[in-house]
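Chemist: Sequence first, then the predicted structure, then my questions.
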2 protein chains.
Amino acid sequence: MSDRTRVVQVGLGAVGRMLTSYLLERPNLHIVGAVDLDPSLIGRDLGEVAGFDQALGITICADLREPFADGPVEAALLTTVSGLAQAKPQIEALLACKTNIISSCEELSFPWQTAPEASAEIDRLAREAGVSVLGTGVNPGFLMDILPTALTAICREVRKITVLRYQDARARRLPFQQKIGAGLTPGEFAQKKAGGTLRHVGLTESMHLIASRLGWRLDRTEDIIEPIIAEREVRSDHITVEPGQAAGVHQLGLGYVGSEEKIRLEFRAALGERDPQDTVILDGVPQLRFTVPGGINGDIATCSMLTNAIPTVIAAPPGLRTMADIPPPSWFSG
Amino acid sequence: MSDRTRVVQVGLGAVGRMLTSYLLERPNLHIVGAVDLDPSLIGRDLGEVAGFDQALGITICADLREPFADGPVEAALLTTVSGLAQAKPQIEALLACKTNIISSCEELSFPWQTAPEASAEIDRLAREAGVSVLGTGVNPGFLMDILPTALTAICREVRKITVLRYQDARARRLPFQQKIGAGLTPGEFAQKKAGGTLRHVGLTESMHLIASRLGWRLDRTEDIIEPIIAEREVRSDHITVEPGQAAGVHQLGLGYVGSEEKIRLEFRAALGERDPQDTVILDGVPQLRFTVPGGINGDIATCSMLTNAIPTVIAAPPGLRTMADIPPPSWFSG
């Protein structure tokens, strides 16, 4: 099947390994290479690393350019880091290989306000290479940015946008439960928060994406992190949280025009979180409330979005793209 | 303010008259002309016809080319008819004036399957004129097509799409209540249905938009219309429905691949309809239910979408566009 889209995976951490299955099950996609810098992965077969019974015949290599030596590759799936500063050299190396890039890098989802120089540089290199670059996923990339933005299309007036993402983390992977601080004492939580490793990355980028489309000039954004303290014992398959310990995290992204709060993104993820949901509230005309009772599983949604965005990114005009300036990606059958 | 976007309204029926307010309240839009063929409207001021206390200084003219004689007009808002056959000569005349077109014409929302030749012709003329043409609104244009399509982006697999639009028509205009057959006897309803005036236009176009993006080849579509018979008396400000009469309409769009129902669009609009809502159900991985309790007011949503789509359509590549191939429109502040 020579008309399949040739893709390369760059980054085989937790998201990259999950993503392998998603890419493989689409008959019109063809994984032709895999890259990771972790010495424990280099030289091993992608199938083995991704947890399959069978080898895929794709050997993980350390040199990002290697999989591009055998002919054109339409897209690279970049799932390495959350920060744009660390991702930028990888993006530049991929652009030198003239491949489109779809990345889970949170800070790449809307970097125009937070990193204007890096954005302009990536945009220029992508145009020169004739390819496009997109940062996406479920959050940032969908639930707290392009979805509420797109829902405003049926509004006569929008005064404020609120998005609630409440998750019961018991259904998620252990690394996620650890990432949100489940089981930490308030002191440990504060320490981890100060170290910057506890933060969900992307709220600021999501707010800037919304504001850019709605014509709001944000004078100030805030990104507030607090522990959710357990009132009674709560446990997952992996962790037991005692009363007084952190069951998870409450993170709040606030965007202001003057002193007016125009955007409120509320992210709660905790073991035993009640009433999990994803909800968009549009204050305006009409007053609207969109909700997904039970909420959306972040792992499935992120890997799906990365996969589903491939044809849209390949078809997009060259440059640094965001979810705000491409047609909506959608699931596609082979 | 010379940098305002110059727009012309073509069609001043119920939707066009409502739309005037929406356009006027955006500081970056400037209505420079209005056209209608109705002899009772020609020569009158747009403000008066749209129900304002004050005149707008825009005289409704019969000749579609007249408002374009005084300089470039970025966009025409075409709100005349539901059928593509009737809209096509109007679209062609507007394209000769080299203006982008945003239209509420339901059959224009995704005409590529139902009217491939007319679509190709409009596409060719639009490209030659260097402008783009979009059919949009709330339904078709949003709730039953691009919204469910865009929601699939977070899915690993989609087996079936169901959309429910249940409306309590008591909140809508009298013409809408009449259009859905409220107060008719079953015999009258059947007669009106046979005459084709009772049908909600657009379910077939919505199904083809979804299928085109998801890669489903629909072997067959159905569009079934039945009355909703009142079991007890129900009344609006305008109409009283006796038991045994039609309270409204139940319309079902079904799309099949082989014998499998892949798309189900269920439209219910009746006086006293219980549990009004707009809901998208995605059967697949994950299983998702996305809902707007109370539902969405169609008049507001349609006029908002027509207004909000203006900058996106102006920026789009020339040609016949659909909601599936442009970035998501959104509300914008002046």
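Modeler: Nice, thanks for sending it over. Numbers count the residues shown, from 1 in each chain, chains lettered A, B, ... in the order given.
Chemist: how close does residue A:248 get to chain B?
Modeler: Using CB to the nearest CB, to the nearest Å, residue A:248 is found at 21 Å from chain B. Where you see a C-beta, it was placed from the backbone N, CA and C, and this is true even at glycine.
Chemist: Give the bridge partners for that residue, please.
Modeler: residue A:228, residue A:270 (DSSP bridges).
Chemist: and it, how many residues sit next to it?
Modeler: When counting by other CB atoms under 10 Å in any protein chain shown, one arrives at 30 neighbours for residue A:248.
Chemist: got the contact list for it?
Modeler: Taking CB atoms under 8 Å, 6 or more residues apart in numbering or on different chains, we find residue A:248 in contact with A:169, A:180-182, A:227-228, A:268-271, A:273.
Chemist: Could you point out which of the residues you listed is nearest to residue A:213?
Modeler: residue A:268 (25.4 Å; CB to CB).
Chemist: Could you look up the SS state of that closest one?
Modeler: For residue A:268, the assignment made with DSSP: H, G, I helix; E, B strand; the rest coil gives strand.
Chemist: so what's residue A:30 bridging to?
Modeler: Applying DSSP bridges, one finds that residue A:30 bridges with residue A:6.
Chemist: So what are the structural domains in chain A, by residue number?
Modeler: Split into domains by automatic domain parsing, chain A comes to A:5-137+A:300-321, A:146-295.
Chemist: got CSV for those, with distance to residue B:120 and mean pLDDT too?
Modeler: CSV is the format used below for these (distance: least, CB to CB, whole Å; pLDDT from 0 to 100):
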stretch, distance to residue B:120, mean pLDDT
domain A:5-137+A:300-321, 20, 97
domain A:146-295, 27, 96
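Chemist: Take the ones you listed and lay them out in CSV including distance to residue B:188.
Modeler: Converted to CSV, the domains of chain A look like this (distance: least, CB to CB, whole Å):
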stretch, distance to residue B:188
domain A:5-137+A:300-321, 47
domain A:146-295, 33
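Chemist: closest to residue B:284 out of those domains?
Modeler: Residue B:284 lies closest to domain A:5-137+A:300-321 among the domains of chain A, at 9.8 Å (CB to CB).
Chemist: and stretch A:57-75, is it in reach of chain B?
Modeler: No. Stretch A:57-75 stays clear of chain B (CB under 8 Å from any CB of the partner chain), getting no nearer than 15.8 Å.
Chemist: okay if I get the contacts of residue A:248 as CSV plus neighbour count and distance to residue B:333?
Modeler: CSV is the format used below for the contacts of residue A:248 (neighbours: other CB atoms under 10 Å in any protein chain shown; distance: CB to CB, whole Å):
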residue, neighbour count, distance to residue B:333
A:169, 28, 37
A:180, 29, 35
A:181, 28, 38
A:182, 32, 40
A:227, 24, 36
A:228, 21, 35
A:268, 23, 29
A:269, 27, 32
A:270, 27, 35
A:271, 27, 40
A:273, 21, 34
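Chemist: so which of those comes closest to residue A:281?
Modeler: residue A:268 (15.0 Å).
Chemist: OK, contacts around that closest one?
Modeler: Shown in contact with residue A:268 (CB under 8 Å, 6+ apart): A:164-167, A:228, A:248-251.
Chemist: And residue A:179, by the same measure?
Modeler: If you count contacts by CB under 8 Å, 6+ apart, residue A:179 has them with A:197-198.
Chemist: how close does it sit to residue A:200?
Modeler: With distances taken as CB to CB, to the nearest Å, residue A:179 is found 8 Å from residue A:200.
Chemist: follow-up on the earlier one: ok, the contacts of residue A:268 vs residue B:64, which is closest?
Modeler: residue A:164 (47.4 Å).
Chemist: Pretty sure residue A:276 is one of the things that closest one touches, is it not?
Modeler: No. With contact defined as CB atoms under 8 Å, residue A:164 and residue A:276 do not form a contacting pair (10.0 Å).
Chemist: And the strands in the stretch 1-150 of chain A?
Modeler: A:5-10, A:29-35, A:60-61, A:75-78, A:100-103, A:132-135 (DSSP state E, counting those that start in this stretch).
Chemist: Quick one: the ones you listed as a markdown table, columns for mean neighbour count too.
Modeler: Conversion of the strands of the stretch 1-150 of chain A to a markdown table gives the following (neighbours: other CB atoms under 10 Å in any protein chain shown):
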| stretch | mean neighbour count |
| --- | --- |
| strand A:5-10 | 22 |
| strand A:29-35 | 22 |
| strand A:60-61 | 19 |
| strand A:75-78 | 27 |
| strand A:100-103 | 28 |
| strand A:132-135 | 27 |
